[in-house]
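J.: Can you look at this prediction? I've put the sequence above it.
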Amino acid sequence: MTISAPPHGGRLVDLLAPPDRASELKQRASKSPSWPLTRRQLCDLELLACGGFSPLEGFLGRDDYLAVCDSMRLADGTLWPIPVTLDVPEEIAAAAGSAGTLALRDSNQVILAVLRVTQSWEPDLRAEAVAVFGTEDPTHPGVAHLLRHTHRRYLTGVLEVLRLPEHRDFQSLRHTPAQLRAEFARRDWSRVVAFQTRNPMHRAHQQLTLRAALQQDANLLIHPVVGITKPGDIDPRTRVPCYRALLPTYPEGQVMLSLLPLAMRMAGPREALWHAIIRGNYGATHFIIGRDHAGPGTAADGTPFYGPYDSQELVRRHAPELGVQPVRFKRLVYVEGAGTYIPEDEVPRGARVLTISGTLLRRWLAEGRELPEWFSPPEVAAELRRHLSSASA
C-alpha cells in the first residue's frame with residue numbers, strides 16, 4: 001500500500017553518492033580545504049542527504065535564503081519557512097572559494113561530504129533574526145545562537161554526500177524517510193499521525209496521542225527530536241528509554257518509535273510549519289500541533305515570544321500546500337474530580353486542575369521523589385529516576 005502524503009515538492013531527495021563516486025570524491029577532497037561541521041550543521045547535513053529536508057538539494061543559496069526569510073518560500077515559490085545555511089569563518093570561505101571545493105568533516109575528521117562552492121556571501125544576521133524569530137531578543141535561544149555563534153560567511157554550491165553522520169546509540173530506532181515509508185507500507189499503514197516532542201512523554205502526551213490516532217483513524221508515529229533542542233532539555237540518552245517504556249501502554253500494533261536528528265531553532269510558528277513539512281517527507285499523513293509548538297517560552301520580562309496557538313493557525317493556513325493534515329489540540333489538563341485529562345477550554349467551572357511545572361518536575365526527580373501516577377506512567381517515572389540517578393552518581 002502506498003503512503004498518501006507525497007514528499008514536499010514531489011520528490012524525495014537523496015544526496016548520497018554511489019560507492020564509486022564517493023571513493024573518487026574522497027580522494028579529491030583530501031587535497032581540498034576542509035571544515036569540521038558544527039553539531040547543528042551535522043544535523044542539517046544528515047537531513048539534506050537523506051531527504052528529510054526535501055525539496056532542498058543543498059544548503060540555501062543567497063536568493064533562496066532571502067526569499068525564505070522574507071516570505072517563507074524558496075525563490076521558485078515552494079513553501080519553506082526556515083533557512084538551512086552553511087556558515088563558516090571568512091578564512092575558510094576564502095580558501096574554499098580559491099580551491100572551488102570544501103570538504104565537510106565530522107569531529108573525527110572523517111569526510112562526510114564535498115561542497116563544490118558556487119556562492120559566498122555575508123548575511124545580515126539581525127535581519128534574519130527578526131524575519132525568522134520575530135525578535136532580536138537574545139534571551140530567545142534561536143536568536144542567541146544566530147547572533148553569538150554564527151560565522152560571518154554563508155556558502156552554497158553543489159553538495160555530494162559520501163556518508164551519513166555516524167550514530168552509535170539507538171541505531172535500530174533511526175530511519176531515513178525512505179526506510180520509514182517502506183516500513184509503513186510493510187505494516188500496511190496508510191494513515192499515520194506523527195507526534196513531535198523534545199521532552200519525556202507523560203500522561204498528557206499519552207492521552208493526546210491516543211486521541212489523535214483515534215480521531216484520525218490512523219496509526220501513530222512517535223518522532224522525537226534527538227539532534228539539538230532547547231538548552232536545559234533532558235538529553236536523548238534519558239528520553240529515549242522513556243519513550244520505549246511507554247510503547248507497551250498503547251494498543252498493540254498501533255504505534256512506532258523513530259528518532260529524528262533535527263537541530264531545532266525554537267522558531268515557534270515557522271518551526272511548526274517546518275516540522276509538518278519534514279514529517280510529510282517521512283511519510284506521515286497527519287501531524288499533531290500542540291499548544292505553543294516549538295516555542296522557547298517567555299522573554300526576560302515574562303512576555304511569551306509567541307501566542308499559545310499561533311503555530312496551529314499558521315499550519316492551518318498552509319495545510320493545502322503541505323499534503324499533511326494538521327491535527328490541532330488545546331492543552332490537556334488533569335481535572336482531579338473527573339480523574340482524567342480534558343482540553344483546558346472544557347474544564348468545568350470551579351474544578352480543581354492539577355499541574356506540575358518543568359522546574360518542579362526536575363526538582364522532584366533530583367530529590368528522588370515519586371511522581372504521581374496521574375502525571376506520569378510508572379514505567380516512564382522509573383526510567384527517569386534510573387537514568388538521572390546514574391548520571392548524578
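T.: Thanks, I have the structure now.
J.: Please make it C-alpha for all contacts and neighbour counts, starting now.
T.: Noted.
J.: which residues in the stretch 201-350 of the chain form helices?
T.: In the stretch 201-350 of the chain, the segments counted as helices under DSSP state H, counting those that start in this stretch are 203-216, 236-246, 269-281, 310-322.
J.: For residue 186, give me the pLDDT.
T.: The per-residue pLDDT reported for residue 186 equals 95.
J.: and it, how many neighbours does it have?
T.: 11 (other C-alpha atoms under 10 Å).
J.: looking at the helices of the stretch 201-350 of the chain, which is closest to residue 339?
T.: With C-alpha to C-alpha as the measure, helix 203-216 is the member of the helices of the stretch 201-350 of the chain nearest residue 339 (12.0 Å).
J.: What residues of the closest one count as buried?
T.: 203, 204, 205, 206, 208, 209, 210, 212, 213, 216 (16 or more other C-alpha atoms under 10 Å).
J.: What pLDDT is listed against the first one?
T.: According to the model's per-residue confidence, residue 203 sits at a pLDDT of 92.
J.: That one and residue 196: what is the separation?
T.: 15 Å (C-alpha to C-alpha, to the nearest Å).
J.: show me what contacts residue 51?
T.: The neighbours of residue 51, taking C-alpha atoms under 8 Å, 6 or more residues apart in numbering as the test, are 12, 13, 14, 15, 176, 177, 281.
J.: Which two of the residues you listed have the greatest separation?
T.: Spanning the widest gap among the contacts of residue 51 are 15 and 281, at 14.8 Å by C-alpha to C-alpha.
J.: Of the two, which one has the most company?
T.: Taking neighbours as other C-alpha under 10 Å, residue 15 and residue 281 compare with residue 281 leading, 32 against 24.
J.: just to revisit the earlier point, can you tell me which of the contacts of residue 51 has the most neighbours?
T.: Counting neighbours by other C-alpha under 10 Å, residue 281 leads the contacts of residue 51 with 32 neighbours.
J.: Please name the nearest non-neighbouring residue to that residue.
T.: residue 7 (4.5 Å; C-alpha to C-alpha, 6 or more residues apart in numbering).
J.: what do you get for residue 122?
T.: Sequence neighbours aside, residue 153 is the residue nearest to residue 122 in space, at 4.8 Å (criterion: C-alpha to C-alpha, 6+ apart).
J.: For stretch 362-373, what is the distance to the chain centroid?
T.: 28 Å (C-alpha atoms, centre = their mean, to the nearest Å).
J.: tell me the contacts of residue 217?
T.: Contacts of residue 217 by C-alpha under 8 Å, 6+ apart are residue 191.
J.: okay, it: pLDDT?
T.: According to the prediction, residue 217 has pLDDT 96.
J.: any idea how far it is from residue 183?
T.: Distance, residue 217 to residue 183, by C-alpha to C-alpha: 19 Å.
J.: Same check on residue 284?
T.: The gap separating residue 284 from residue 183 is 12 Å, by C-alpha to C-alpha.
J.: okay, the two: which has more neighbours?
T.: Counted by other C-alpha under 10 Å, residue 284 and residue 183 do not tie: residue 284 has more neighbours, with 34 against 15.
J.: Verify the stated contact: the more buried one with residue 194.
T.: Yes. With contact defined as C-alpha atoms under 8 Å, residue 284 counts as touching residue 194 (6.0 Å).
J.: shared neighbours of the two, which are they?
T.: residue 221.
J.: the strands in the chain, which residues?
T.: For the chain, the strands defined by DSSP state E occupy 34-36, 86-88, 101-105, 111-121, 153-161, 192-195, 219-222, 255-257, 286-289, 325-328, 332-335, 340-343, 353-354.
J.: And those strands: which comes nearest residue 78?
T.: Each of the strands of the chain has some distance to residue 78 by C-alpha to C-alpha; the shortest is strand 325-328, at 17.7 Å.
J.: and that closest one, how far from the chain's centre?
T.: With C-alpha atoms, centre = their mean, you get 17 Å for strand 325-328.
J.: what are the pairing partners of it, and which direction each?
T.: Here strand 325-328 has these sheet partners by DSSP bridges: strand 286-289 (parallel).
J.: Not counting its own residues, what contacts the partner strand?
T.: For strand 286-289, contacts defined as C-alpha under 8 Å, 6+ apart pick out 191-196, 212, 272, 276, 279-280, 311-312, 324-329.
J.: Please save the CA atoms from it in CSV.
T.: C-alpha atoms of strand 286-289 as CSV (Å, rounded to 0.1, in the frame of the first residue of the first chain):
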residue,chain,number,x,y,z
HIS,A,286,-1.2,13.9,9.7
PHE,A,287,0.8,15.9,12.2
ILE,A,288,-0.1,16.9,15.8
ILE,A,289,0.3,20.6,16.5
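J.: pLDDT (mean, whole number) over that strand?
T.: 96.
J.: In that strand, which residues are buried?
T.: Residues 286, 287, 288, 289 are the ones in strand 286-289 that count as buried (16+ other C-alpha under 10 Å).
J.: same check, this time on stretch 47-67
T.: Under 16+ other C-alpha under 10 Å, the buried positions of stretch 47-67 are 47-62, 64-67.
J.: How far away from the center of its chain is it?
T.: 15 Å.
J.: ditto for stretch 272-284
T.: On the basis of C-alpha atoms, centre = their mean, stretch 272-284 sits 9 Å off its chain's mean C-alpha point.
J.: Please list all residues in contact with residue 114.
T.: Listed by C-alpha under 8 Å, 6+ apart, the contact set of residue 114 reads 25, 29, 101, 102, 103, 104, 159, 160, 161, 162.
J.: closest to residue 388 among the residues you listed?
T.: Set against residue 388, the nearest of these by C-alpha to C-alpha is residue 104 (35.1 Å).
J.: and the closest one, how many neighbours does it have?
T.: Per other C-alpha under 10 Å, the neighbour tally for residue 104 reads 25.
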